[in-house]
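Chemist: need a structure here:
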Amino acid sequence: MPALIDLIQAGCKVERHHPWARAVVDDEIWLSAAGALADGTLSLLGLWGEPSRVNMAVLDDSTSDIGVISLDCPDRRYPSVAACHRPALRLERAIRDLFGLEAVGTPDARPWLDHGRWHKRAPLGKRLDASPEASPYPFLPAEGDGLHQVAVGPVHAGIIEPGHFRFTASGETVVRLEQRLGYTHKGVEGLMAASTVEQAARLAGRISGDSTVAYGIAFAQAVEAALQITVPRRALWLRALMAELERLANHLGDIGAICNDASFALMHAHCGVLRERVLRAADAAFGHRLMRDIVLPGGLARDIAGDGPAAIRTALGEIRRHFPALVDLYDNTASLQDRTVGAGSLNPALARQFAAGGYVGRASGRNFDARRKPGYHPYDMLRFEVPVLDDGDVNARVWIRIREVEQSLSLVDQIMGGLEPGPVKVPLQAASEPSEGMALVEGFRGDILAWLRLSGDRVERCHLRDPSWFQWPLLEAAIEGNIVADFPLCNKSFNCSYSGQDL
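Modeler: Alright, predicted model coming up:
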């Protein structure tokens with residue numbers, strides 16, 4: 001199958017960007033790209049629509065090259081990618097809901113984000129003023145002797161976002177899990193259209209609240225690529241500092257929450273204390289516990305506070321004192337290991353097929369981290385390892401988080417030691433002509449894709465792809481063969497974002 005560079009060069013219109021390229025192609029090349037995804041030559045990074053065009057972002061794993069392949073759809077139809085590469089399926093269903101573009105040959109034409117209350121074929125899913133009663137969602141039927149279905153959600157007992165999980169079980173053993181999401185669809189991409197860059201940046205930071213820094217960096221990098229802006233060195237290093245603090249807080253929270261779902265509340269309590277220390281240090285350093293609205297296109301909204309480095313070093317010192325004992329506690333508690341080892345195993349072949357990012361992919365043997373390849377500054381100047389395991393179970397996903405906590409502690413030290421005086425922002429200049437930008441940034445959950453087109457000082461179109469798009473379907477596969485009671489544990493070990501997936 002053709003490599004990425006071959007597909008780009010075969011396009012009828014090629015646009016060169018740094019560090020990526022885009023080609024407008026015909027149906028034949030579009031299908032060639034789908035075939036390259038199916039045989040593993042390329043990995044799917046994103047698939048999104050416009051009123052009369054579909055776009056596909058792909059990664060060449062052999063070279064780490066990234067490109068966007070676009071196909072015009074004057075008749076509002078295009079060849080289905082999911083017909084030969086299933087990871088594209090939910091993205092195609094979302095495109096149909098948002099833009100009314102039909103994927104010809106799709107194996108599943110059911111709605112995804114649309115819960116039956118939108119105008120059909122309306123760009124970005126405009127809602128009806130008087131919504132009719134939605135028709136029942138056609139879940140897959142349960143067939144076979146002794147099978148029964150268990151419906152969970154969309155409203156849950158815990159304080160979490162809504163999502164429906166339909167289990168088909170034989171006794172207590174899960175035979176199939178089918179998800180129904182889209183309940184937290186906010187229309188962010190529609191709100192971004194025609195907004196100013198500053199307004200869109202605020203929206204980007206609210207796609208998924210636990211990843212506000214990562215989304216802010218991804219959006220900012222895409223704008224800076226479109227406008228060919230050089231960001232001050234100090235701003236780039238402080239962005240990385242915030243990203244690692246965000247990673248630390250989330251990983252510490254997840255480790256404790258996974259143990260809590262295995263009825264080991266002690267780990268949850270102690271990890272919660274350490275997470276709180278990180279959030280307080282972030283507040284002291286940047287004026288907000290989650291560091292929201294600090295990253296802006298062109299740099300940062302503010303510099304780190306004068307006492308910020310001291311607050312961060314104090315928090316890191318406390319983690320270094322207490323975290324090793326928690327790791328030993330996790331590793332040497334037999335009842336806890338009995339719940340996590342072997343539970344929710346994800347086949348490495350599926351992780352590769354879905355280009356699963358973050359701890360989900362790395363716990364199942366996929367050695368990918370956007371900080372390293374394709375890479376971005378200042379990580380090209382920092383020393384860190386990307387932990388990878390092959391077991392693919394809940395335990396492996398916990399250990400990936402543990403090792404990433406250790407790596408982030410080292411990265412924060414390196415970043416603060418490498419900070420140099422200087423400005424933290426450059427002014428933005430409106431684009432003289434329409435321009436596009438794209439970025440791939442490593443959040444705590446995995447790689448986040450940002451693509452946009454600017455026209456003057458306005459965002460004409462923006463697409464932000466959360467890593468959960470490719471992780472939610474894998475949770476369905478990982479739970480198969482487990483008991484229903486282990487679903488909360490497996491689910492928390494994935495910790496997919498409802499809000500990030502629902503847009």
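
Chemist: Could you use CA atoms for every contact and neighbour count after this?
Modeler: Will do.

Chemist: Looks to me like residue 24 is in a helix.
Modeler: No. With DSSP: H, G, I helix; E, B strand; the rest coil as the criterion, residue 24 is located in strand rather than a helix.

Chemist: burial count for it?
Modeler: 21 (other Cα atoms under 10 Å).

Chemist: Quickly note the distance from it to residue 11.
Modeler: According to Cα to Cα, to the nearest Å, residue 24 and residue 11 sit 5 Å apart.

Chemist: same check, this time on residue 34
Modeler: From residue 34 to residue 11 the distance is 15 Å (Cα to Cα).

Chemist: go on, residue 180?
Modeler: For residue 180, the distance to residue 11 - Cα to Cα - is 37 Å.

Chemist: Could you check which helix or strand contains residue 472?
Modeler: helix 468-479 (DSSP states H and E).

Chemist: Dump that helix to PDB, keeping only the CA atoms.
Modeler: Taking C-alpha atoms only, helix 468-479 is exported to PDB below (Å, rounded to 0.1, in the frame of the first residue of the first chain):
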ATOM      1  CA  SER A 468     -11.300   9.000  23.700                       C
ATOM      2  CA  TRP A 469     -12.700   8.600  20.100                       C
ATOM      3  CA  PHE A 470     -10.300   5.700  19.700                       C
ATOM      4  CA  GLN A 471     -10.400   4.400  23.300                       C
ATOM      5  CA  TRP A 472     -14.100   4.100  24.000                       C
ATOM      6  CA  PRO A 473     -14.600   1.400  21.300                       C
ATOM      7  CA  LEU A 474     -11.700  -0.500  22.800                       C
ATOM      8  CA  LEU A 475     -13.400  -0.600  26.200                       C
ATOM      9  CA  GLU A 476     -16.100  -2.600  24.600                       C
ATOM     10  CA  ALA A 477     -13.600  -5.200  23.500                       C
ATOM     11  CA  ALA A 478     -11.700  -5.200  26.800                       C
ATOM     12  CA  ILE A 479     -14.700  -5.900  29.000                       C
END
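
Chemist: Do a quick rundown of the helices in the stretch 201-350 of the chain.
Modeler: For the stretch 201-350 of the chain, the helices defined by DSSP state H, counting those that start in this stretch occupy 212-227, 233-261, 265-286, 308-331, 334-340, 348-353.

Chemist: Make JSON lines out of the ones you listed and add mean neighbour count.
Modeler: Formatted as JSON lines, the helices of the stretch 201-350 of the chain follow (neighbours: other Cα atoms under 10 Å):
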{"stretch": "helix 212-227", "mean neighbour count": "28"}
{"stretch": "helix 233-261", "mean neighbour count": "23"}
{"stretch": "helix 265-286", "mean neighbour count": "20"}
{"stretch": "helix 308-331", "mean neighbour count": "16"}
{"stretch": "helix 334-340", "mean neighbour count": "16"}
{"stretch": "helix 348-353", "mean neighbour count": "18"}
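
Chemist: Point out the one among those helices that comes closest to residue 433.
Modeler: helix 212-227 (10.0 Å; Cα to Cα).

Chemist: which strands and helices sit next to the closest one?
Modeler: helix 197-204, helix 233-261, strand 295-296, strand 435-442, strand 447-455 (3 or more Cα pairs under 8 Å, 6 or more residues apart in numbering; DSSP states H and E).

Chemist: ok, now with 10 Å
Modeler: Helices and strands touching helix 212-227, by 3 or more Cα pairs under 10 Å, 6 or more residues apart in numbering; DSSP states H and E, are helix 197-204, helix 233-261, strand 295-296, strand 299-300, strand 435-442, strand 447-455, strand 458-465.
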